[in-house]
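In: Provide a 3D model corresponding to the input given below.
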Amino acid sequence: MAPYRKKPVVIEAMQWTGDNLGQIVRWVGDQVRVHPSMNPGVHELDIVTLEDGHDGRAKHVASLGDWIIRGVQGELYACKPDIFAATYEPVEDAA
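Out: Numbers count the residues shown, from 1 in each chain. Next comes the predicted model:
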């Protein structure tokens, strides 16, 4: 066993606030849809990922406050705010 360090990569991300559905849909298109919820006050999004099966069910659900991340291969996934804060920092110059 040998230690490894994660390579620094630049990703795109947007936090789901409950008020920015239109902005998220413009960003990711049909890869996101409102999650059917039993609780009327709960606003969640289904994130269509590269790992989704042929049944059309999303493997990631973004709750309010979660970040939606587009990774280096264009994959989308949800990330909890505390994990996002511990893992990512803003990039001043992404060039």
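In: In CSV, list the C-alpha atoms belonging to the host helix or strand of residue 84.
Out: When secondary structure is defined by DSSP states H and E, residue 84 falls within helix 81-87. Included here for helix 81-87 are C-alpha records, laid out as CSV according to Å, rounded to 0.1, in the frame of the first residue of the first chain:
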residue,chain,number,x,y,z
PRO,A,81,-22.3,21.6,1.9
ASP,A,82,-19.8,20.5,4.6
ILE,A,83,-18.0,18.0,2.3
PHE,A,84,-18.0,20.7,-0.5
ALA,A,85,-16.4,23.3,1.9
ALA,A,86,-13.8,20.8,3.1
THR,A,87,-12.9,19.7,-0.5
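In: For it, list every residue counted as buried.
Out: Within helix 81-87, the residues that qualify as buried by neighbour count (16 or more other C-beta atoms under 10 Å) are residue 84. To be clear about C-beta, it is placed using only N, CA and C from the backbone, and glycine gets the same treatment.
In: Quick one: mean pLDDT for that helix?
Out: Here helix 81-87 scores 94 as its mean pLDDT.
In: who's in contact with stretch 82-95?
Out: 10, 11, 13, 67, 69, 79 (C-beta atoms under 8 Å, 6 or more residues apart in numbering).
In: Buried ones only from the residues you listed, please, as a ChimeraX command.
Out: Restricted to the buried members of the contacts of stretch 82-95, where burial is judged by 16+ other C-beta under 10 Å, the ChimeraX selection command reads as follows:
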select :67,69,79
